Structure formats: structure tokens, C-alpha cells
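The following block contains a protein sequence and its predicted model.
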Amino acid sequence: MSRASFPFPVVPDCDDTLRRLADVLQIPLTCRNHRCRRAGQCQGGYGPPCYFENHGDFVAGVREQMPEYREYWSAQRRTAKAALRR
């Protein structure tokens, strides 16, 4: 999927972007916030808190695991496109 084929009407704020990245990197599973751990998703907030607490996890996750994330999300997009065609 090319970047141009995905409409991005509103640029999210920094906290929302980091919250989404935390979910992709599965950081909420080890977050100090029990609501994040219980939900398995970042519950947000300023920062979010897990970013301020250990921003190295974000850096390492992106640096070391990006090929796996790309493969996973490419497969998810293909599945979604196939479902929309039905």
C-alpha cells in the first residue's frame, strides 16, 4: 500500500501518536499503569506515562522490530482490503 493511498485527514497530536505507537510495540503489557496492563492497550495521558518512564523501549522497539511490525501490519491491511471487496 502506498502512502498516498491512505487518507490522513487530521494529523494526531503527539500524545495520541505515542499512545498508538505504544500499542503497536506492546508496551502497555509492562506499563506501570494498571489500567494499561489490564486492557493491553495504552490508556493515554500526558506523555504517555510509559514513554516518559522508559523511552528507550520505544527506540529499541522501532529500531529492532520494525521489519516484523511492517510485515504484520501489511498482512492486516491486505486482510482488511480483501474483506472490503466481499
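Received, thanks.

Quick one: residues in contact with the helix or strand harbouring residue 16.
In the assignment (DSSP states H and E), residue 16 maps to helix 14-25. Under the contact criterion Cβ atoms under 8 Å, 6 or more residues apart in numbering, helix 14-25 has outside partners 12, 28, 31, 41-42, 44-48, 50-51, 57-58, 61-62, 65, 69, 73. (Glycine included, C-beta is placed from N, CA and C.)

Take the residues you listed and keep only those in helices.
50-51, 57-58, 61-62, 65, 69, 73 (DSSP state H).

ok so, going back, quick one: buried residues of the helix holding residue 16?
Buried residues in helix 14-25, counted by 16 or more other Cβ atoms under 10 Å: 18-19, 21-22, 25.

Top of the ones in helices among the contacts of helix 14-25 by number of neighbours, please.
Of all these, the most densely surrounded is residue 50 (24 neighbours; neighbours counted as other Cβ atoms under 10 Å).

May I have the phi/psi pair for the nearest residue to that residue once chain neighbours are set aside?
In space, and not counting its chain neighbours, residue 50 is closest to residue 31: 4.4 Å by Cβ to Cβ, 6 or more residues apart in numbering. Backbone torsions for residue 31, taken as degrees, to the nearest 10, come to phi -70, psi 150.

contacting residues around residue 31?
Neighbours of residue 31 in contact, by Cβ under 8 Å, 6+ apart: 22, 37, 42, 49-50, 53.

Relative to residue 22, how far out is it?
8 Å (Cβ to Cβ, to the nearest Å).

go on, residue 53?
Residue 53 is 11 Å from residue 22, by Cβ to Cβ.
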